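Asker: give me coordinates for this.
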Amino acid sequence: MKRKQDTSFRVEAATELMPFLLSKLGGMTRTSVKQLLSQRRVTVNSGIQTRHDTPLKAGDMINILQGRGNVELRHPKLRVIYEDNALIVVEKKNGLLTVPYNPKSSEMTAYSILKEYVRKQSNRNTIHVVHRLDRETSGVLVFAKSPELQEYMRTYWKQLVSKRSYVALVEGHLAKPEGTITSWLTEDNQTAMVYSSKTDNGGQKAITNYKVLKAMTIGEGDQEMPVSLVELNLETGRTNQIRVHMQSIGHPVMGDRKYGHGNEFSPIDRLCLHARTLEFIHPMTEKKVRFEAPLPKEFSIGDKARVKS
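Answerer: A predicted model of the protein is given here:
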């Protein structure tokens, strides 16, 4: 049986995707159009589009994929949160590099997974990293679909991003329920360790704001250990910033083998740091967008913890 051909439309004047599709697809309701979008059956200039308010300009090409959705990413270490013709926002699991340390490496990374994913849609598609998360850090990560957009977002990252929030489990109970850590960070190229100085030593200035969400005690008897669930908001984005800053005030991130005690005192077999929220101005729509990755279930230590009174 011959498959129906995809339906294509050229945009003649500036508009948004929803009214454009309603005008072209006679008889379809807003609900039906939203269903097409959720099924990933609408592309704008060859890129999957799922937002009904996407702005369109004259010359844009809209395709309706008949009888099938577009390629869907299914990977245990990576989940697509949002995708349009400009960006892909994903949730990265811990244990996965953002990009390889060595360009010649064959190690699987978030970049290599997404590169294969977008090329299944079209051989012309490319993917470009905008920012990074450490291998053992999970959470929200953004990629651009063109080198021009990558350069723009990197150049104006500080102006575009309005919130960059992490959650961590750290050792001990902090003296203050909230505060700001300011220091200057320098990296040893031989050891790849980052060091913090309270005074300006020529390093990069780094600022982290923290707020204690919950102070708890885990374990029993001689195995008792105070821990805190902390929200951290970055004013700067330096290498290993949160991990170094928490170590510098005596409360390293649990499970941190590099700057803390690793799993010696941690009941969780991972670095307990998660990039939960990223809010920024979309470079194409110029609208504020907000993306969140749910707190990993292993952070909910539940019955193992007693809340500090």
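Asker: look up the residues forming beta bridges with the closest residue to E235 other than its chain neighbours.
Answerer: Using CB to CB, 6 or more residues apart in numbering and skipping residues adjacent in sequence, the residue nearest E235 is I207, 3.8 Å away. Using the backbone N, CA and C atoms, a C-beta is placed for each residue, glycine as well. I207 forms beta bridges with T182, as assigned by DSSP bridges.
Asker: if I look at I207, how far off is A168?
Answerer: 16 Å (CB to CB, to the nearest Å).
Asker: which one's more surrounded, the two?
Answerer: Taking neighbours as other CB atoms under 10 Å, I207 and A168 compare with A168 leading, 27 against 15.
Asker: and the more buried one, how far from F9?
Answerer: Distance, A168 to F9, using CB to CB: 48 Å.
Asker: where does the stretch 1-150 of the chain dip in pLDDT?
Answerer: For the stretch 1-150 of the chain, the stretches with pLDDT under 70 are 1-5, 46, 66-71.
Asker: if we use 80, what do you get?
Answerer: Within the stretch 1-150 of the chain, the stretches with pLDDT under 80 are 1-6, 39-40, 46-48, 66-72, 103-104, 121-122.
Asker: list the contacts for the nearest residue to R10 once chain neighbours are set aside?
Answerer: The shortest distance from R10 to any non-neighbouring residue, by CB to CB, 6+ apart, is to M61 (5.9 Å). For M61, the contact set (CB atoms under 8 Å, 6 or more residues apart in numbering) comprises 8-11, 44-46.
Asker: let me have those residues in a markdown table, adding secondary structure as columns.
Answerer: As requested, the contacts of M61 are arranged in a markdown table below (DSSP: H, G, I helix; E, B strand; the rest coil):
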| residue | secondary structure |
| --- | --- |
| S8 | strand |
| F9 | strand |
| R10 | strand |
| V11 | coil |
| V44 | strand |
| N45 | coil |
| S46 | coil |
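Asker: select only the buried ones of those residues in PyMOL?
Answerer: In PyMOL, selecting the buried portion of those, with burial taken from 16 or more other CB atoms under 10 Å, looks like this:
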select buried, resi 9+11+44
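Asker: in a markdown table: the contacts of M61, plus distance to S266.
Answerer: Converted to a markdown table, these look like this (distance: CB to CB, whole Å):
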| residue | distance to S266 |
| --- | --- |
| S8 | 54 |
| F9 | 55 |
| R10 | 57 |
| V11 | 54 |
| V44 | 45 |
| N45 | 47 |
| S46 | 45 |
